[in-house]
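Participant: Need a 3D model of the following:
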Amino acid sequence: QVQLVESGGGLVQAGGSLRLSCVASGHTFSTYAMAWFRPAPGKAREAVATIDWSGRSTYYKDSVKGRFTISRDNAKNTVYLQMNNLKPEDTAVYYCAADKDYGVGSTKGNLYDYWGQGTQVTVSS
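Facilitator: Numbering: from 1, shown residues only. Next up is the predicted model:
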């Protein structure tokens, strides 16, 4: 069983930055697509950013393009979400997710096999 542990959330003023980290247990991290999700109105969750297993393909929700960057360090079994120019509407619990077996970085949460416990991001105006 793979465990995902997020960190890096906190309280920040609008315009500020945070970097979320998600560390995965196990030895096959390099074959996982990784993603960051957050709850959305009327939905269980929405994909904020995803990265495929190779690291060559990424996806960003429109509202975070140009502000958020997803990256991965396979040597550290870690995926990051750099969040700049944060806005109050970014306030949410952010969940890390892993899609095993050479995932392509889907935005569909039901395709992900493992989930972290979440980390709270609060942006004050």
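
Participant: Tell me the pLDDT of residue 103.
Facilitator: Note on residue 103: pLDDT of 84.

Participant: Settle this for me: it is touching residue 111, isn't it.
Facilitator: Yes - using CB atoms under 8 Å, residue 103 is in contact with residue 111, at 7.3 Å. In this view, the C-beta of every residue, glycine as well, is placed from N, C-alpha and C.

Participant: so which strand or helix has the residue positioned nearest the centre of the chain?
Facilitator: Centroid-nearest residue in the chain, with CA atoms, centre = their mean: residue 36, separated by 2.1 Å. Residue 36 is part of strand 33-40, with elements assigned from DSSP states H and E.

Participant: How far away from the center of its chain is whatever helix or strand comes next after that strand?
Facilitator: For strand 33-40, the following helix or strand on the C-terminal side (DSSP H and E) is strand 43-51. Taking CA atoms, centre = their mean, to the nearest Å, one finds strand 43-51 lying 8 Å from the centre of the chain it belongs to.

Participant: Leaving out sequence neighbours, find the closest residue to residue 120.
Facilitator: Of all residues not flanking residue 120 in the chain, residue 9 sits nearest, at 4.8 Å (CB to CB, 6 or more residues apart in numbering).

Participant: Could you do residue 112 as well?
Facilitator: Closest to residue 112 by CB to CB, 6+ apart is residue 97, at 3.9 Å.

Participant: And for the lowest-mean-pLDDT helix or strand in the chain, what's in contact with it?
Facilitator: Every helix and strand of the chain was ranked by mean pLDDT, DSSP states H and E. The lowest is strand 43-51, at a mean of 94. Applying CB atoms under 8 Å, 6 or more residues apart in numbering, the contact partners of strand 43-51 are 33-40, 57-61, 64, 68-72, 79, 81, 94-95, 105-109.

Participant: what mean pLDDT does stretch 52-66 have?
Facilitator: 97.

Participant: measure that stretch end to end?
Facilitator: One end of stretch 52-66 to the other measures 19 Å (CA to CA, to the nearest Å).

Participant: Quick one: distance of that stretch to the chain centre.
Facilitator: Relative to where its chain is centred, stretch 52-66 has its mean C-alpha point 10 Å off (CA atoms, centre = their mean).
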